[in-house]
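Here is my input; please provide its structure:
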Amino acid sequence: MTPTTRTSRPYAWLPALLSVLLVAAVVWSSLAGVVKIAPADLLSSDIFVNLRLPRIVTAILVGAALSVSGAAYQSVFRNPLTDPYVLGVSSGASLGAAVAIVAGLENSTWGIGAAALLSALATVWLIYRVAAIGNRLHTSTLLLTGVCLTLLLSAVVTFLMVLHQDKMERIVFWTMGSFSSSSWFDVALLLPVVLAGSFVVIYLAKDLNLLLAGSETARSLGVEVERVKRLLLLATTLMVAFAVSSCGVIGFVGLIVPHCMRLVCGPDNRRVVPCSLIGGALFMLLCDTASRTLLQPAELPVGSITAIVGAPLFIYLLYRNKKSY
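Here you go, the predicted structure:
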């Protein structure tokens, strides 16, 4: 089935519906929490302005970044099981965060986040250098290099946890993701990167459709394959690296949201990418709100919520649509 076969199906309402649900989720998340805030007092509340609102915006940006990146990776690598962490971003960030925690940088200004971001970017740069042959990026080599380096860096993180067992709980909690320390500083860092990266992916959505048919086919149809791949991988990798550095590793979002959007609106990336952007933001916000309200005043890692909710939902949708997908 070609990416344009089902574009005529009447799903123009989906982005509007997702946007309405996202607004409703923002309202619910703003009011939910240990401290109850009356709607009339919301904008004047320090708790809302300085704690809940930056957390809400950060969750929205991270969800959008992971989902858009997942949609792009699955098309570039032509592999439905590819997720935003396939190039070693999460393992690189985890190593940087673990080193920062062991070094006692938790209380410094954005100490863990800065270490995670630099480590993630360095890891991806190394993978690109290994996989690139001349001016060409071989996606299969890129994928295999990312998997191998992920295993290596994960082993190093485990080694650090064994050596510093007093820091193990903090490292594990970071690797499961949390927005508990989100601030307007995180928003200021994420916003331009996510906006720019999402624009690049949406702009190149038509080329993504052609890449699904294979590089040679796309090249014969006028796509500058290597240039498009580099732009897409650069934009998505930066989005994922900044997202992970701000909240830790949160799985399943970049894998299941694009799949769910494809099950609803077909494989055309011109529909899938924008819907994934809004759907990922909605899914992440709902999961984060649940993570801080289900066992209040305690807080669950948001990564555990995304896995518990996302995996069964994904399996159900695949089962329901297995004949047509």
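
Residue nearest the middle of the protein, spatially speaking?
In the chain, the C-alpha nearest the mean C-alpha coordinate belongs to residue 66, at 1.8 Å (Cα atoms, centre = their mean).

do you know how far that residue is from residue 276?
Distance of residue 66 to residue 276, given as Cβ to Cβ, to the nearest Å: 9 Å. The C-beta positions use only the backbone N, C-alpha and C, and glycine is treated the same way.

Could you tell me which residues touch both of these two?
Common contacts of residue 66 and residue 276 (Cβ atoms under 8 Å, 6 or more residues apart in numbering): residue 257.

before we move on, the earlier item: not counting sequence-adjacent ones, nearest residue to the residue nearest to the centre of the chain?
Spatial nearest neighbour of residue 66, excluding adjacent residues (Cβ to Cβ, 6 or more residues apart in numbering): residue 254 at 4.0 Å.

which SS state does the one you found fall under?
helix (DSSP: H, G, I helix; E, B strand; the rest coil).

can you pull the contacts of it?
66-67, 69-70, 73, 83-85, 240, 280 are the contacts of residue 254 under Cβ under 8 Å, 6+ apart.

mind putting those in TSV, secondary structure included?
As requested, the contacts of residue 254 are arranged in TSV below (three-state DSSP):
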residue	secondary structure
66	helix
67	helix
69	helix
70	helix
73	helix
83	coil
84	coil
85	coil
240	helix
280	helix
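
Out of those, which end up buried?
66-67, 69-70, 73, 83-85, 240, 280 (16 or more other Cβ atoms under 10 Å).

can you name the two of those that are farthest apart?
85 and 280 (14.4 Å; Cβ to Cβ).

Can you show me the helices along the protein?
13-31, 46-47, 53-76, 89-102, 111-131, 139-163, 168-175, 184-203, 205-211, 215-220, 225-247, 253-265, 269-293, 302-320 (DSSP state H).

ok, and the closest non-adjacent residue to residue 309?
Per Cβ to Cβ, 6+ apart, closest to residue 309 is residue 287, 6.3 Å.

can you tell me how far the one you found sits from residue 37?
21 Å.

Number of residues surrounding residue 50?
Residue 50 is flanked by 12 other residues according to other Cβ atoms under 10 Å.

check contacts around it.
Per Cβ under 8 Å, 6+ apart, neighbours of residue 50: residue 184.

per-residue confidence at it?
We have a pLDDT of 91 for residue 50.

and if you look at the one 4 residues further on?
pLDDT recorded at residue 54 is 95.

thought it was touching residue 189?
No. Using Cβ atoms under 8 Å, residue 54 is not in contact with residue 189; the gap is 11.5 Å.

Roughly how far does the residue in the chain sticking out farthest from the centre sit from residue 31?
In terms of distance from the mean C-alpha position of the chain, residue 40 ranks first, at 33.6 Å (Cα atoms, centre = their mean). Distance of residue 40 to residue 31, given as Cβ to Cβ: 11 Å.

shaky segments in the protein?
By pLDDT under 70, the low-scoring segments of the chain are 1-11, 106-110, 134-135, 137, 317-318, 320-325.

Tell me how many other residues surround residue 289.
25.

picking that back up, which one of the contacts of residue 254 sits closest to residue 27?
Nearest to residue 27 among these, with distances taken as Cβ to Cβ, is residue 280, at 19.0 Å.

Quick check: the closest one touching residue 253?
Yes. In this structure, residue 280 is within contact of residue 253 by Cβ under 8 Å, at 5.8 Å.

Spell out which residues are contacts of both of these two.
63, 66-67, 70.

Which of the residues you listed sits closest to residue 171?
residue 66 (21.1 Å).

Check the offset of stretch 272-289 from the chain's centre.
10 Å (Cα atoms, centre = their mean, to the nearest Å).

Kindly format the C-alpha coordinates of it as PDB.
What follows is stretch 272-289, C-alpha atoms only, in PDB (Å, rounded to 0.1, in the frame of the first residue of the first chain):
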ATOM      1  CA  VAL A 272       0.800  11.200  10.600                       C
ATOM      2  CA  VAL A 273       3.400  13.700  11.600                       C
ATOM      3  CA  PRO A 274       1.100  16.600  12.600                       C
ATOM      4  CA  CYS A 275      -1.300  14.200  14.400                       C
ATOM      5  CA  SER A 276       1.600  12.600  16.200                       C
ATOM      6  CA  LEU A 277       2.800  16.000  17.400                       C
ATOM      7  CA  ILE A 278      -0.600  16.800  19.000                       C
ATOM      8  CA  GLY A 279      -1.300  13.200  20.000                       C
ATOM      9  CA  GLY A 280       2.100  12.800  21.600                       C
ATOM     10  CA  ALA A 281       1.700  16.100  23.600                       C
ATOM     11  CA  LEU A 282      -1.700  14.900  24.800                       C
ATOM     12  CA  PHE A 283      -0.500  11.400  25.800                       C
ATOM     13  CA  MET A 284       2.500  12.700  27.700                       C
ATOM     14  CA  LEU A 285       0.500  15.300  29.600                       C
ATOM     15  CA  LEU A 286      -2.100  12.800  30.600                       C
ATOM     16  CA  CYS A 287       0.500  10.300  31.800                       C
ATOM     17  CA  ASP A 288       2.400  12.900  33.700                       C
ATOM     18  CA  THR A 289      -0.700  14.200  35.400                       C
END
